[in-house]
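Chemist: okay, structure incoming, though there's no sequence with it:
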């Protein structure tokens, strides 16, 4: 990810459009500070959606591991493929 871009909230107030344009162009987050403390993160919508997808995938993996540990049957490859197609279709 490299060195994070950190800006005070006053910069956001003064030039929000430029910061939004930057996040869209670089696809890197901009960290917003208020009184010297990190308070928010500005992300492009694409990066936000990727993050949500990652969280959903990790939650699904965690749930699957818990199911297997409790003795629940797993899914066939065909069932997994169908579920993945449904997830992908929702995000297109």
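Modeler: Sure, I can see it. Not measured: the values here are computed from a predicted model.

Chemist: what is the rounded mean pLDDT of stretch 71-89?
Modeler: Stretch 71-89 carries an average pLDDT of 90.

Chemist: helix, strand or coil for residue 75?
Modeler: coil (DSSP: H, G, I helix; E, B strand; the rest coil).

Chemist: what of residue 31?
Modeler: Residue 31 is classified as strand under three-state DSSP.

Chemist: ok, now residue 7?
Modeler: The assignment at residue 7 comes out as strand when based on three-state DSSP.

Chemist: quick one, longest helix in this protein?
Modeler: What stands out as the longest helix in the chain, according to DSSP state H, is helix 45-69.

Chemist: helix 45-69 and the helix or strand following that helix, what's the angle between them?
Modeler: Heading C-terminal from helix 45-69, the first helix or strand you meet, by DSSP states H and E, is helix 77-90. Taking axes from the mean of the first three to the mean of the last three Cα atoms, to 10 degrees, helix 77-90 and helix 45-69 form an angle of 150 degrees between their directions.

Chemist: now do helix 77-90: distance to the chain's middle.
Modeler: What separates the centre of helix 77-90 from the centre of its chain is 20 Å, taken as Cα atoms, centre = their mean, to the nearest Å.

Chemist: ok, residue 57 to residue 83 distance?
Modeler: 11 Å (Cβ to Cβ, to the nearest Å). (C-beta placed from N, C-alpha, C; glycine too.)

Chemist: who does residue 6 bridge with?
Modeler: Applying DSSP bridges to residue 6 gives these bridge partners: residue 31.

Chemist: tell me how many other residues crowd it.
Modeler: Using other Cβ atoms under 10 Å, residue 6 is surrounded by 12 other residues.

Chemist: quick one, what contacts it?
Modeler: By Cβ atoms under 8 Å, 6 or more residues apart in numbering, residue 6 lies in contact with 30-31, 33, 38.
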